[in-house]
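A structural model of the following input is requested.
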Amino acid sequence: MDNQNKNLLLATALSFAVILIWFVLFPPPPPPTQDPNDPAVATAPVASTPSTTGDGVTEATAAAEPAEDAPRIAIETQRVTGSVSLLGGRIDQLSLKDYRESLAPGADIVTVLSPIGQANAYYALYGWAPGTGLALEDVPGANTLWEQENGETLSPGAPVSLIWDNGNGLTFRRQIAIDDNFMFTVTQSVENTGNEAATMAPYGILARHGEPQDLKNFFILHEGLVAMADGTLTETGYDDMPDFAFNDREGARAEVTQVTQNGWIGFTDHYWMSTLIPANGSPFKAVAKYDQQRDIYQTEAVLPTQTVAPGQTITAETRLFAGPKEWATIRAYEREGGVDRFLDSIDWGWFFFLTKPIFAVLHYINFWLAGMGVTGSMGWAIIGLTLLIKAALFPLAYKSYVSMAKMKELQPKMEELKKAAGDDRQKLQKDMMELYKKEKVNPASGCLPILLQIPIFFSLYKVIFVTLELRHAPWIGWIRDLSAPDPSSLFNLFGLFPWDAPDPNSILALVFIGILPILLGVSMWLQQKLNPAPTDATQAMIFAWMPWVFMFMLGGFASGLVVYWIANNTITFTQQYLIMRSQGFKPDVFGNIKGSFQRKPKTGEK
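Predicted coordinates for the structure are as follows:
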């Protein structure tokens with residue numbers, strides 16, 4: 001077998017082995033099994049309220065469940081809808097107008113925050129933790145009934161203000177504002193009309209009851225606690241939060257980080273996130289805790305204790321992001337809004353040095369194509385990204401293909417060396433190395449482009465699986481979601497027969513694959529036909545089966561990834577064909593295809 005076929009076989013085997021290991025170790029996530037109507041979840045108690053007493057972490061004091069008929073203030077913007085409850089001043093109803101739960105007609109819009117009494121309650125709380133000389137009832141907490149001071153509907157440019165008087169000389173106000181996207185600004189103030197100074201610490205809380213209903217539990221994706229503390233990113237899964245070392249006074253597991261300048265803390269899901277963001281340059285205590293008894297996950301941003309003297313007013317400002325992890329939006333909050341390293345809230349993974357630039361290029365190509373009115377722009381952006389990657393690797397690929405072409409020219413000389421060396425393998429190896437050196441040929445160079453494709457492939461897989469921009473992104477015809485597998489199926493002959501395709505999670509779906517996986521197999525098979533089949537029967541059999549094994553293995557992968565692979569194979573075929581022609585070797589593609597269908601004579605046959 002010539003070295004060109006050896007290199008192709010090695011590269012194909014390496015790719016196959018890596019993908020097989022990946023598929024076995026990290027299979028696609030199972031569908032969620034949690035019952036959304038579970039009453040145990042729906043009736044979970046409200047989150048705890050911190051106080052400044054205690055040693056190292058805020059003291060938790062459970063509060064009663066809020067009344068269902070508490071007054072509300074509507075939230076209405078072009079992108080979100082929801083409401084603020086006057087009970088606790090909670091931001092606890094928020095849905096995203098631009099995103100649907102599924103592609104089904106009439107599907108509900110995505111809900112990010114939900115109040116107590118609904119499944120998987122998830123909300124933001126604000127208040128003041130009492131200092132020395134103050135009791136919990138002297139400061140507003142989780143169940144304080146506020147009054148609406150001004151403002152009708154919370155919208156961009158139209159904040160609302162709440163007021164509460166504790167009856168002992170302290171008047172608390174809370175102004176809530178929202179921008180055009182998903183950022184709230186909560187400004188808390190307290191006016192001291194009494195005769196004695198008071199000390200207290202402003203805080204913000206994010207609490208969610210139970211794990212999310214749509215938790216993926218997939219190794220490649222981080223879901224759970226995400227926090228930035230002075231440039232250090234922390235990611236802790238929901239399953240790991242019960243393992244926090246510290247027990248607070250109610251027995252909840254907690255982890256405390258003192259942030260000296262810039263940071264944020266919150267929860268991230270697959271596509272959505274809620275994050276508490278204190279003002280830049282403001283130190284705060286970042287607390288993450290899990291109350292196993294009540295099954296509540298909680299993050300807190302507790303600002304330093306302040307003293308308000310008689311006749312004085314103190315204020316504290318905290319931002320709250322609650323919405324989709326849109327790359328452009330989060331990037332704007334980082335660059336223009338000053339949220340330190342906010343783009344790191346998107347799970348870029350181990351290959352962040354590849355995934356970040358890959359997605360940035362994908363985003364800009366998609367933005368440009370969409371601006372030109374191109375339908376299915378994200379799918380074409382993936383193909384455009386493939387072209388750019390292949391162009392960047394072309395010098396290396398050219399050198400590799402030229403080297404392989406020279407290796408083919410050296411075949412007669414190599415055969416002579418084999419005959420001359422006989423069974424002396426050491427002499428053969430030495431003579432071949434001298435021949436390579438003399439002819440300036442590197443026999444290993446043919447594998448390098450393929451080896452470089454492996455981290456790029458995994459990085460793109462990460463990008464397509466994690467980033468929101470691929471979710472529900474259509475391409476052509478039947479491909480309505482590039483983040484999902486090809487929905488077409490051999491089972492109903494791609495929609496020609498009047499019955500549904502197998503369920504995507506069933507074994508039948510692995511067998512009755514769609515159009516894109518078939519095109520992938522064909523593109524790999526055609527790429528092989530640039531060279532004659534190996535003379536060795538075992539190697540020829542491996543080559544013959546490899547494209548079709550890949551075809552079925554990748555049938556359940558995201559359509560966007562399969563589009564990338566098809567485009568990559570097509571461009572590679574074209575590059576290799578042209579380079580081989582430029583080196584004086586004309587690939588007999590049709591002859592090799594014809595030869596693959598001819599019956600091979602058995603041993604002993606004439």
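
only C-alpha atoms for contact and neighbour calcs from this point on.
Noted.

quick check: domain ranges of the chain?
The record's domain parsing of the chain by automatic domain parsing lists 3-28+356-597, 39-347.

Point out the most buried one among those domains.
domain 39-347 (a mean of 19; mean count of other CA atoms under 10 Å).

per-residue confidence for Asp340?
pLDDT, Asp340: 96.

Give me the nearest residue to it, chain neighbours excluded.
The shortest distance from Asp340 to any non-neighbouring residue, by CA to CA, 6 or more residues apart in numbering, is to Glu334 (5.9 Å).

One more: Leu428?
Nearest one to Leu428, counting by CA to CA, 6+ apart, is Ala421 at 5.4 Å.

Look up the pLDDT of the residue nearest to Asp340 for me, please.
Looking at Glu334, the pLDDT reads 97.

shouldn't it be in contact with Leu343?
Yes - between Glu334 and Leu343 there is a contact at 6.9 Å, judged by CA atoms under 8 Å.

Show me the shaky parts of the stretch 151-300 of the chain.
249-250 (pLDDT under 70).

let's go with 80 and repeat that
In the predicted model of the stretch 151-300 of the chain, residues 246-251 satisfy pLDDT under 80.

re the thing from before, and the domains of the chain, which one averages the lowest pLDDT?
Looking at these, the weakest mean confidence is domain 3-28+356-597, a mean of 80.

check contacts around the nearest residue to Asp295 once chain neighbours are set aside.
In this structure, Asp295 finds its nearest non-sequential neighbour in Gly210, 5.4 Å apart by CA to CA, 6+ apart. Listed by CA atoms under 8 Å, 6 or more residues apart in numbering, the contact set of Gly210 reads Val41, Asn120, Asp295, Ile296, Tyr297.

Next, format those residues as a markdown table and append secondary structure.
A markdown table is the format used below for the contacts of Gly210 (DSSP: H, G, I helix; E, B strand; the rest coil):
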| residue | secondary structure |
| --- | --- |
| Val41 | helix |
| Asn120 | coil |
| Asp295 | coil |
| Ile296 | strand |
| Tyr297 | strand |
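
Farthest pair within those residues?
Val41 and Tyr297 (12.6 Å; CA to CA).

Relative to Gly106, how far out is the residue nearest to Asp295?
From Gly210 across to Gly106, the span is 28 Å (CA to CA, to the nearest Å).

my guess is Thr449 contacts Ala397, does it?
Slight slip there: residue 449 is Pro, not Thr. Yes - if you go by CA under 8 Å, Pro449 and Ala397 touch, sitting 6.0 Å apart.

any idea how far the strand or helix carrying Ile571 is from the chain center?
Using DSSP states H and E, Ile571 sits within helix 559-582. Centroid displacement of helix 559-582 relative to its chain, using CA atoms, centre = their mean, to the nearest Å, is 27 Å.

got it, and stretch 463-477?
11 Å.

Over to stretch 381-400?
25 Å.

now do stretch 140-152
On CA atoms, centre = their mean, the centre of stretch 140-152 falls 37 Å from the chain's centre.

Please measure how far the first residue of that stretch sits from its last one.
22 Å.

surely Asp588 meets Leu526?
No - at 11.6 Å, Asp588 does not count as touching Leu526 under the criterion of CA under 8 Å.

hmm, back to that, for the residue nearest to Asp295, phi and psi?
phi 80, psi 170 (degrees, to the nearest 10).

Let me see the contact set for the residue nearest to Asp340.
Here Glu334 is in contact with Asp340, Arg341, Phe342, Leu343 (criterion: CA under 8 Å, 6+ apart).

and the closest residue to the third one other than its chain neighbours, what element?
In space, Phe342 comes closest to Glu334 once its chain neighbours are excluded; the distance is 5.3 Å by CA to CA, 6+ apart. The secondary structure element spanning Glu334 is helix 327-335 (assigned by DSSP H and E).

which other helices and strands contact whatever helix or strand comes next after that helix?
As assigned by DSSP H and E, the chain's next helix or strand after helix 327-335 is helix 352-371. Helix 352-371 sits against helix 377-392, helix 448-466, with contacts defined as 3 or more CA pairs under 8 Å, 6 or more residues apart in numbering; DSSP states H and E.

Just put those in JSON lines and tack on distance to Thr171.
Converted to JSON lines, these look like this (distance: least, CA to CA, whole Å):
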{"stretch": "helix 377-392", "distance to Thr171": "53"}
{"stretch": "helix 448-466", "distance to Thr171": "45"}
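
Can you check which of those gets nearest to Ile515?
Comparing these under CA to CA, the one sitting nearest is helix 377-392, at 15.2 Å.

roughly how far apart are Asn192 and Ile389?
Using CA to CA, one gets 63 Å for the distance from Asn192 to Ile389.

And for Glu149?
On the measure of CA to CA, Glu149 and Ile389 end up 57 Å apart.

what does Gln188 give?
Gln188 is 50 Å from Ile389, by CA to CA.

give the contact list for the residue positioned nearest the centre of the chain.
A centroid search over the chain (CA atoms, centre = their mean) returns Val466, at 2.2 Å, as the residue closest to the centre. By CA under 8 Å, 6+ apart, the contact set of Val466 is Leu221, His270, Tyr271, Ile346, Asp347, Trp348.

of all those, which comes closest to Pro71?
Using CA to CA, these come closest to Pro71 at Tyr271, 30.6 Å.

Distance of that closest one relative to Glu211?
Counting by CA to CA, the gap from Tyr271 to Glu211 is 15 Å.

related to what we said a few turns ago, of all the helices and strands packed on helix 352-371, which one comes closest to Asp486?
Between these, helix 377-392 lies closest to Asp486; by CA to CA that is 12.8 Å.

what helix or strand does Ala301 sit in?
strand 296-302.

still on that earlier bit, what's the spacing between the helix holding Glu334 and its chain's center?
16 Å.

how about that helix as PDB, C-alpha atoms only?
The C-alpha atoms that make up helix 327-335 are tabulated as PDB, following Å, rounded to 0.1, in the frame of the first residue of the first chain:
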ATOM      1  CA  TRP A 327     -23.500  36.700  22.000                       C
ATOM      2  CA  ALA A 328     -23.900  40.300  20.600                       C
ATOM      3  CA  THR A 329     -26.000  41.400  23.600                       C
ATOM      4  CA  ILE A 330     -23.700  40.000  26.200                       C
ATOM      5  CA  ARG A 331     -20.700  41.400  24.400                       C
ATOM      6  CA  ALA A 332     -22.200  44.800  24.400                       C
ATOM      7  CA  TYR A 333     -22.800  44.600  28.100                       C
ATOM      8  CA  GLU A 334     -19.200  43.700  28.600                       C
ATOM      9  CA  ARG A 335     -17.700  46.400  26.300                       C
END
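
the inter-axis angle of that helix versus helix 352-371?
Computed by axes from the mean of the first three to the mean of the last three CA atoms, to 10 degrees, the angle separating helix 327-335 from helix 352-371 equals 120 degrees.

Spit out the contact partners of Ala227.
Leu233, Thr234, Glu235, Gly263, Trp264, Ile265, Gly266, Ser345 are the contacts of Ala227 under CA under 8 Å, 6+ apart.

For Met551, see how far away Ala544 is.
13 Å.

Kindly apply the preceding question to Pro130 instead.
63 Å.

quick one: Ala322 and Thr275 touch, right?
Yes - assessed by CA under 8 Å, Ala322 is found in contact with Thr275 at 6.6 Å.

picking up where we left off before, show me whatever sits in contact with both of Val41 and Tyr297.
His209, Gly210.

Where do the helices of the stretch 451-600 of the chain begin and end?
For the stretch 451-600 of the chain, the helices defined by DSSP state H, counting those that start in this stretch occupy 507-511, 515-528, 537-553, 559-582, 589-597.

Out of those helices, which is closest to Ala177?
Once these are compared by CA to CA, helix 559-582 is nearest, at 38.3 Å.

so what secondary structure elements neighbour that closest one?
So helix 559-582, by 3+ CA pairs under 8 Å, 6+ apart, packs with helix 377-392, helix 394-409, helix 448-466, helix 515-528.
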